[in-house]
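**Student:** Build me a model from this:
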Amino acid sequence: MDSAVIAALITTPTAVLAAAAAYAAGRAQARAAHRGPVDAVRRQHQREAYAALVAQAAAYESHMFRVYLGILEPRMQRHWNDTLTTQDNEALVFAAAAVRLEGPAHLADLAHGIELASNRVYGAALELQQAEDPVASTANTEFDERHNILKDRAKAFVEAASTHLNGFDNR
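**Tutor:** Just a heads-up that it's a prediction; the model follows:
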């Protein structure tokens, strides 16, 4: 066989592999260039959703504590004008839903936990409000426990969201 034919037969597979590798690398680079701005927008939406939930959880926690104090001492209520209503956690529920849509799954679960805790705090405040003697009622202790659970869940969410947004979480 001619040496030129042998050289062509030997170098052809190498050239084909090199071309395939270059093609794959080019596609990966193009995909990254396209996804970069999309990922940045997605991350900004996540950041906004997380911040809204944290703000709503803090506002709800503060509001429910003032309701609690107003139930224990009705004269305190006139200072804040905070009463118990069925719409108290509406904004918090909406913010939790936004986080559940934005993800990721572990943060969505934590957001749902905050929402559930807010419902339990509301229930404890309602029980306390209906008690004959709110100060001596077991609902008083129950409110404290549920209120602390809400604060703990909000804190856990902040830590997990911060970890996720700052790139220390590979989920």
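**Student:** out of everything not next to it in sequence, what's closest to residue 150?
**Tutor:** residue 117 (4.1 Å; Cβ to Cβ, 6 or more residues apart in numbering). Just so you know, the C-beta spots here come from the backbone N, C-alpha and C atoms, and that holds for glycine as well.
**Student:** What of residue 131?
**Tutor:** Nearest to residue 131 is residue 137, by Cβ to Cβ, 6+ apart, at 3.8 Å.
**Student:** Kindly report the same for residue 92.
**Tutor:** residue 56 (4.2 Å).
**Student:** helix, strand or coil for that neighbour?
**Tutor:** helix (DSSP: H, G, I helix; E, B strand; the rest coil).
**Student:** can you check residue 87 too?
**Tutor:** coil.
**Student:** Use 119 as the first number for this chain going forward.
**Tutor:** Fine by me, first position is 119 from now on; the one you just mentioned is residue 205.
**Student:** So what's the residue count around it?
**Tutor:** 7 (other Cβ atoms under 10 Å).
**Student:** The protein: helices as residue ranges?
**Tutor:** 121-190, 192-198, 208-220, 223-248, 256-283 (DSSP state H).
**Student:** export these to CSV and tack on mean neighbour count and mean pLDDT?
**Tutor:** Formatted as CSV, the helices of the chain follow (neighbours: other Cβ atoms under 10 Å; pLDDT from 0 to 100):
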stretch, mean neighbour count, mean pLDDT
helix 121-190, 14, 74
helix 192-198, 12, 67
helix 208-220, 19, 91
helix 223-248, 19, 92
helix 256-283, 17, 92
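**Student:** Wait, residue 239 touches residue 182, no?
**Tutor:** Yes - counting by Cβ atoms under 8 Å, residue 239 touches residue 182, with 5.2 Å between them.
**Student:** shared neighbours of the two, anything?
**Tutor:** 265, 268 (Cβ atoms under 8 Å, 6 or more residues apart in numbering).
**Student:** picking that back up, number of nearby residues for the residue nearest to residue 249?
**Tutor:** 18.
**Student:** thinking again about what came up before, would you mind confirming that the residue nearest to residue 268 is in contact with residue 273?
**Tutor:** No - using Cβ under 8 Å, residue 235 makes no contact with residue 273, being 11.4 Å away.
**Student:** so what's the residue nearest to residue 249 up against?
**Tutor:** Going by Cβ under 8 Å, 6+ apart, residue 255 touches 245-246, 249.
**Student:** Sweet, I'm off.
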